[in-house]
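1. Pasting the sequence and the predicted coordinates here, then a few questions.
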Amino acid sequence: MADVRDIMEIERAATPELTREAILGTDKPRKKLSAGPKPSKRPEGMHREVFALLYNDNKDVPPLFPSDTVGNGYKQVKIKLGMRRPRKWKWMAFTNPARTDNATFYHWKRPSDEPKEYPFAKFNKKIELPTYTDVEYQQHLTCESWSKEETDHLMDLAQRFDLRFIVMADRYDTEKFSKRSVEDLKDRYYKIHGILAKLNGEKKIYTYDAEHEKKRKEQLRKLYERTPAQMDEEQFLLGELKKIEVRKKERERKTQDLQKLISQADSQNDTPRKTDKKIQKKKVPNPSRPSRVDTNYILQAVESAGIKFPDYKNSGVSLRSQRMKLPANVGQKKSKGIEQVLQDLGLELNPTPSEEVCQHFNELRSDTVLLIEIKAALATCDYELQSLRHQYEALAPGKTLIIPPQLTNGETDLNKTNPGEIIDVVGSPGTPLNT
């Protein structure tokens, strides 16, 4: 028919495109039309849980109250009626065994159920309190500040209020007896409890410290009643305490450095000498012995202290300026001190590294470090002497401690200190050294 239409010049419909599905067909199963109602579509933006509460498959209205029926729950449309008659409920009386006033209450209950004890009575827990007889009281529990009648009143309140001592102190009969604090009531009760526990042969006995409890509450009261000014003063004192501890550690560190310096000098002084080609035994240095101020000791200290520059004797090419580089163990504080001394002397920080300049420049900086350490040790000793002098004058008013001139610094005389001058006994950290 397509060829005939072309010969007769008659328009024809468009030829459909041949595809694999048009020739072989599709394997998809056809959808079967269900006879039941179509499920309602959830509106856009509504949560699935909310939509399930509003509608279900049968478009039933939601229930007015939750249902606990077995099976489909509130989706159950028809009620299942049996042949048996429903059980009756009756307004029946009951008593609570935890109460001692024989009060009667009512609630709904099935008459066919077995009579049981009121279930909430098991939550009424009672504390077992110790009891005593008149003979036991006369033999073991007598007290001068407590009469037997007042003790009986205390034990009765403990039984009534289950050892709630705050309530017991509030309900205490102050018209008949003197007013007692909570600590007094606890002290008397636990003493009675401990004595009766010993008589019964118990091993674990609780003791109550009334004085400690009173002091604890007094401290809490004072802590709670602090004013803002007192709180600021406390923070200021804590900050000052930290500063004192830092200064103390700094002084101890300087003392240890000086002690190491003295020990090192002593060890070099006690170096064994070879005599008759035999090595003498080494002497153990004693850093705790008192040092003697003489020329030999000072020379040995000068030789042992200072900066130890490394020797560049390895094979290969090296720069002479590396010999003037400070070692890593020299701290920043010492480096700043060396720079300050060089500036005061008018010297360059990095001179031309010739052989002679390197040697003398390193010796100068080593002597500078030694000078700084000696001045720091001298300042520490002056501070200790000054502290001892003021402690002596505080313990012995009217007397003055005379310090020998051999122990004082040549620049200042501690014996001629102005009495009106304020002296910082704690010490000021970071005191600059006179170089």
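-> Yes, it's here.
2. ranges for the strands of the protein?
-> Assigned by DSSP state E, the chain shows strands spanning 90-95, 104-109, 274-275, 278-279.
3. Break down the protein into its helices, ranges please.
-> Along the chain, counting by DSSP state H, helices occupy 2-7, 20-24, 48-54, 134-136, 148-161, 165-170, 182-199, 210-224, 228-269, 295-304, 332-345, 355-395.
4. winner for burial among those helices?
-> Among the helices of the chain, helix 182-199 has the highest mean neighbour count (mean count of other C-beta atoms under 10 Å), at a mean of 18. For glycine as for every other residue, the C-beta is placed from the backbone atoms N, C-alpha and C.
5. what is the rounded mean pLDDT of it?
-> Taken as a whole, helix 182-199 carries a mean pLDDT of 93.
6. which outside residues touch that helix?
-> Helix 182-199 is contacted from outside by 130, 132, 136, 140-141, 143, 146, 151, 154-155, 158, 163, 165-166, 168-169, 172, 204-208, 210, 213-214, using C-beta atoms under 8 Å, 6 or more residues apart in numbering.
7. Test my guess that residue 254 contacts residue 374.
-> No. Applying C-beta atoms under 8 Å as the test, residue 254 and residue 374 come out as separate, 11.4 Å apart.
8. wait, isn't residue 107 in contact with residue 96?
-> No. Applying C-beta under 8 Å, one finds residue 107 not in contact with residue 96, separated by 11.2 Å.
9. neighbour-wise, which of these two wins?
-> Taking other C-beta atoms under 10 Å, residue 107 and residue 96 do not tie; residue 96 has more neighbours (16 against 9).
10. can you give me phi and psi for the more buried one?
-> phi -100, psi 110 (degrees, to the nearest 10).
11. residue contacts, the residue lying closest to it once chain neighbours are set aside?
-> Distances taken as C-beta to C-beta, 6 or more residues apart in numbering place residue 118 nearest to residue 96, at 5.0 Å, with adjacent residues excluded. Contact partners of residue 118, counting by C-beta under 8 Å, 6+ apart, are 94, 95, 96, 97, 98.
12. pLDDT at the first one, what is it?
-> Translated: residue 94. So residue 94 comes in at 91 (pLDDT).
13. And for the fourth one?
-> pLDDT recorded at residue 97 is 88.
14. That one and residue 154, how far apart?
-> Between residue 97 and residue 154 the distance is 28 Å, computed by C-beta to C-beta, to the nearest Å.
15. Next: the first one.
-> Distance check for residue 94 against residue 154: by C-beta to C-beta, it reads 36 Å.
16. same deal with the last one?
-> Distance of residue 98 to residue 154, computed by C-beta to C-beta: 24 Å.
17. where are the low-confidence patches of the stretch 1-150 of the chain?
-> Across the stretch 1-150 of the chain, the ranges flagged by pLDDT under 70 are 12-18, 20-39, 55-81.
18. how does it look with 90?
-> Residue ranges of the stretch 1-150 of the chain with pLDDT under 90: 1-88, 97-102, 111-130, 140, 144.
19. pLDDT value on the residue most central in space within the chain, please?
-> Centre of the chain computed as the mean C-alpha position; nearest residue by C-alpha atoms, centre = their mean is residue 238, 18.1 Å away. At residue 238, the model reports a pLDDT of 93.
20. going forward can the numbers begin at 12, since that is how I track them
-> With 12 as the first residue, the last one maps to residue 249.
21. what's the distance between residue 173 and residue 135?
-> Per C-beta to C-beta, residue 173 is found 10 Å from residue 135.
22. give the contact list for residue 137.
-> residue 173.
23. give the contact list for the closest residue to residue 262 other than its chain neighbours.
-> Sequence neighbours aside, residue 391 is the residue nearest to residue 262 in space, at 6.2 Å (criterion: C-beta to C-beta, 6+ apart). Each residue near residue 391 by C-beta under 8 Å, 6+ apart is listed here: 262, 265, 266, 269.
24. was I right about residue 192 contacting residue 180?
-> Yes. Assessed by C-beta under 8 Å, residue 192 is found in contact with residue 180 at 6.9 Å.
25. For residue 184, grab phi and psi.
-> Reported as degrees, to the nearest 10, the phi and psi values for residue 184 are phi -80, psi 90.
26. What is the burial count for it?
-> The local packing of residue 184 (other C-beta under 10 Å) involves 11 other residues.
27. Report the contact partners of the residue lying closest to it once chain neighbours are set aside.
-> Distance criterion C-beta to C-beta, 6+ apart; nearest residue to residue 184, sequence neighbours excluded, is residue 164 at 6.2 Å. Shown in contact with residue 164 (C-beta under 8 Å, 6+ apart): 183, 184, 187, 188.
28. For the first one, give me its contacts.
-> I take that to be residue 183. By C-beta under 8 Å, 6+ apart, the residues touching residue 183 are 164, 168, 190, 191, 196.
29. one step back: mind putting the helices of the chain in a markdown table, distance to residue 98 included?
-> Formatted as a markdown table, the helices of the chain follow (distance: least, C-beta to C-beta, whole Å):
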| stretch | distance to residue 98 |
| --- | --- |
| helix 13-18 | 87 |
| helix 31-35 | 69 |
| helix 59-65 | 32 |
| helix 145-147 | 58 |
| helix 159-172 | 43 |
| helix 176-181 | 46 |
| helix 193-210 | 53 |
| helix 221-235 | 60 |
| helix 239-280 | 71 |
| helix 306-315 | 107 |
| helix 343-356 | 94 |
| helix 366-406 | 96 |
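30. Lowest mean pLDDT across those, which one is that?
-> Of all the helices of the chain, helix 306-315 carries the lowest average pLDDT, namely a mean of 50.
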